[in-house]
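Trainee: no sequence on this one, just coordinates:
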């Protein structure tokens, strides 16, 4: 828990994301047909999903901890991770849709990966609805933790396994090669990996800020 | 003198080792006995609880008859409004009917009994026994439901099936998967105020991946494709079911404690 009050990784996040913006737009990229310069979207679209997965993972981790220990703070971390993860979800979806508009021709082309992502969004909306439907705080925390843990493995199957089983336009699915296979050259790696790390740290930072706000609010309520 | 001392020492060492090994064996034996005893106990509890569920149901036959009537009348309404449909819609419509029927059937599973009676179960059996028995009972209920639904459905809507046996297998797998997922969800929904809307909201996103795979599997069977084509789908369904049941077993004790 000490980790969230430290400074070094926040500075690192800002530096890495700034670096991503500068190097990602300036460094050379391989010239590929159809994709052309839109390949730079890799630096922005993929890290969003990585950050989302990390945040949802953190949320599940703290849901498990909540069930074991029963500390209210763990519940707050879980819900704020989901909230921030949903923000990254929307960003990932929008960057993907803009890219798809230029390369696939349509923003939403009924692709399995897109459909799976939409369903995954429903899962987390259901989580938030479940939270809103229960008044009692401890009961709310416990039931939503249970649902969170229950739905997480199914969401993983949905996003990572099902699209691979059908035809998909998305790179890495349905027989399409992922970027890593042959066209991610060393320049791109130089930007891609720092970008992942930077966005993940930024996501965690936002989640911790939201968590600290919730803790402060609760303290204020208790004073009254 | 020295040799005899050494011999003595080694004897003692050997004895000590043997004692240690014996103790270990004992501990192992005790542990395995403990585990097997608990397992036997669990199985006995599950048996009793399943029997209780069936007896309760058989006494009133309310849920069973209600659900069967629901399925048959839904199929008939669909028949009256569609008359004749193409195979793709036939398959999709069947799964939609099954989905709603199973939600209706299983959402009752934790609501039927009063709170005080649930407290009584809590004090005498382990939570794992409760969830396992509920899952088993729901699987049985869903199998009956599925058999009735598929026979009435194929009787009313004529549709040539390429591989009827395999289609039936996909229906069986589907009803097992539905009951495994919905049992846990209905437990969560019942704790959150028995709200049937909540049940639908919580279960739809979770069931959609299963439904996608199921529709694909049954479509393959309907088209009479080679059986080896669908092994992937069956594998995924089995994996999801194993995950869901394991997670339910781990989580149910926390849901139960109230």
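Mentor: Structure's in. What do you need? Quantities reported herein were computed from a predicted structural model and do not represent experimental measurements. Numbering: from 1, shown residues only, chains lettered A, B, ... in the order given.

Trainee: Only C-alpha atoms from now on, for both contacts and neighbour counts.
Mentor: Fine.

Trainee: pLDDT value on residue A:90, please?
Mentor: Residue A:90 is assigned a predicted lDDT (pLDDT) of 93.

Trainee: go on, residue B:9?
Mentor: Confidence at residue B:9, expressed as pLDDT, is 68.

Trainee: Then the one 3 residues further on?
Mentor: According to the per-residue confidence, residue B:12 scores 72 in pLDDT.

Trainee: Let's test this: mean pLDDT of stretch A:98-105, rounded?
Mentor: Throughout stretch A:98-105, pLDDT has a mean value of 85.

Trainee: Tell me the buried residues in that stretch?
Mentor: Across stretch A:98-105, burial judged by 16 or more other C-alpha atoms under 10 Å in any protein chain shown covers A:98, A:99, A:100, A:104.

Trainee: how about the one helix or strand residue B:207 maps to, does it reach chain A?
Mentor: Element membership of residue B:207, judged by DSSP states H and E, is helix B:196-222. Yes: remark: helix B:196-222 sits within contact range of chain A at B:198, B:201, B:202, B:205, B:206, B:208, B:209, by C-alpha under 8 Å from any C-alpha of the partner chain.

Trainee: which parts of the stretch 101-250 of chain B sit against chain A?
Mentor: Listed as neighbours of chain A in the stretch 101-250 of chain B under the rule C-alpha under 8 Å from any C-alpha: B:185, B:188, B:191-193, B:198, B:201-202, B:205-206, B:208-209, B:240, B:243-244, B:247-248.

Trainee: Buried ones among those residues?
Mentor: Buried members of these, counted by 16+ other C-alpha under 10 Å: B:185, B:188, B:191-192, B:198, B:201-202, B:205-206, B:208-209, B:240, B:244, B:247-248.

Trainee: At which residues are the strands of the stretch 1-150 of chain B located?
Mentor: In the stretch 1-150 of chain B, no strands are defined using DSSP state E, counting those that start in this stretch.

Trainee: Which residue does it have closest to chain A?
Mentor: At 14.3 Å from chain A, residue B:131 is the closest residue in the stretch 1-150 of chain B, using C-alpha to the nearest C-alpha.

Trainee: and that residue, what does it touch?
Mentor: By C-alpha atoms under 8 Å, 6 or more residues apart in numbering or on different chains, the contact set of residue B:131 is B:183, B:184, B:248, B:249, B:252.

Trainee: Of these - the most surrounded one?
Mentor: residue B:184 (30 neighbours; other C-alpha atoms under 10 Å in any protein chain shown).

Trainee: residue in chain B nearest to chain A?
Mentor: For chain B, C-alpha to the nearest C-alpha, closest residue to chain A: residue B:205, 5.1 Å.

Trainee: What is the neighbour count of the nearest residue to residue B:50 once chain neighbours are set aside?
Mentor: Closest residue to residue B:50 apart from its sequence neighbours, by C-alpha to C-alpha, 6 or more residues apart in numbering or on different chains: residue B:133 at 5.2 Å. The number of residues packed near residue B:133 is 22, by other C-alpha under 10 Å.

Trainee: Determine the longest helix present in chain A.
Mentor: helix A:186-223 (DSSP state H).

Trainee: what pLDDT, on average, does that one get?
Mentor: 90.

Trainee: Output the contacting helices and strands for it.
Mentor: Applying 3 or more C-alpha pairs under 8 Å, 6 or more residues apart in numbering or on different chains; DSSP states H and E, we find helix A:186-223 packed against helix A:8-26, helix A:42-69, helix A:72-103.

Trainee: Which of these sits closest to chain B?
Mentor: Each of the helices and strands packed on helix A:186-223 was scored for nearness to chain B using C-alpha to the nearest C-alpha, and the closest is helix A:42-69 (7.0 Å).

Trainee: what about that closest one, near chain B?
Mentor: Yes: applying C-alpha under 8 Å from any C-alpha, one finds helix A:42-69 in contact with chain B at residue A:67.

Trainee: How far does that helix sit from its chain's centre?
Mentor: Put simply, helix A:42-69 sits 7 Å off its chain's centre (C-alpha atoms, centre = their mean, to the nearest Å).

Trainee: Repeat that for stretch A:33-42.
Mentor: 22 Å.

Trainee: Where does chain A get nearest to chain B, residue-wise?
Mentor: In chain A, the residue that lies nearest chain B is residue A:123 (5.1 Å; C-alpha to the nearest C-alpha).

Trainee: How is that residue assigned, secondary-structure-wise?
Mentor: helix (DSSP: H, G, I helix; E, B strand; the rest coil).

Trainee: Could you tell me how many residues sit around it?
Mentor: Using other C-alpha under 10 Å, residue A:123 has 24 other residues around it.

Trainee: Tell me which residue is most central in chain A.
Mentor: In chain A, the residue lying closest to the centroid (C-alpha atoms, centre = their mean) is residue A:52, at 0.9 Å.

Trainee: Double-check residue B:136 against residue B:51; I have them as touching.
Mentor: No: with contact defined as C-alpha atoms under 8 Å, residue B:136 does not reach residue B:51; the gap is 10.5 Å.

Trainee: re the thing from before, could you dump the residues of helix B:196-222 next to chain A to JSON lines with distance to residue B:27 and pLDDT?
Mentor: Output for those, formatted as JSON lines (distance: C-alpha to C-alpha, whole Å; pLDDT from 0 to 100):
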{"residue": "B:198", "distance to residue B:27": "49", "pLDDT": "85"}
{"residue": "B:201", "distance to residue B:27": "49", "pLDDT": "87"}
{"residue": "B:202", "distance to residue B:27": "45", "pLDDT": "88"}
{"residue": "B:205", "distance to residue B:27": "47", "pLDDT": "86"}
{"residue": "B:206", "distance to residue B:27": "43", "pLDDT": "86"}
{"residue": "B:208", "distance to residue B:27": "47", "pLDDT": "88"}
{"residue": "B:209", "distance to residue B:27": "45", "pLDDT": "86"}
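
Trainee: tell me which residues of the helix holding residue B:207 are tucked away?
Mentor: Buried residues in helix B:196-222 (16+ other C-alpha under 10 Å): B:196, B:198-211, B:213-222.

Trainee: same question, stretch A:22-35
Mentor: A:23, A:24, A:29.

Trainee: Ok, stretch A:90-97 next?
Mentor: Buried-residue list, stretch A:90-97, by 16+ other C-alpha under 10 Å: A:91, A:92, A:93, A:95, A:96, A:97.

Trainee: Show me where the stretch 101-250 of chain B dips below the pLDDT cut-off.
Mentor: Along the stretch 101-250 of chain B, the model assigns pLDDT under 70 to residues B:194-195.
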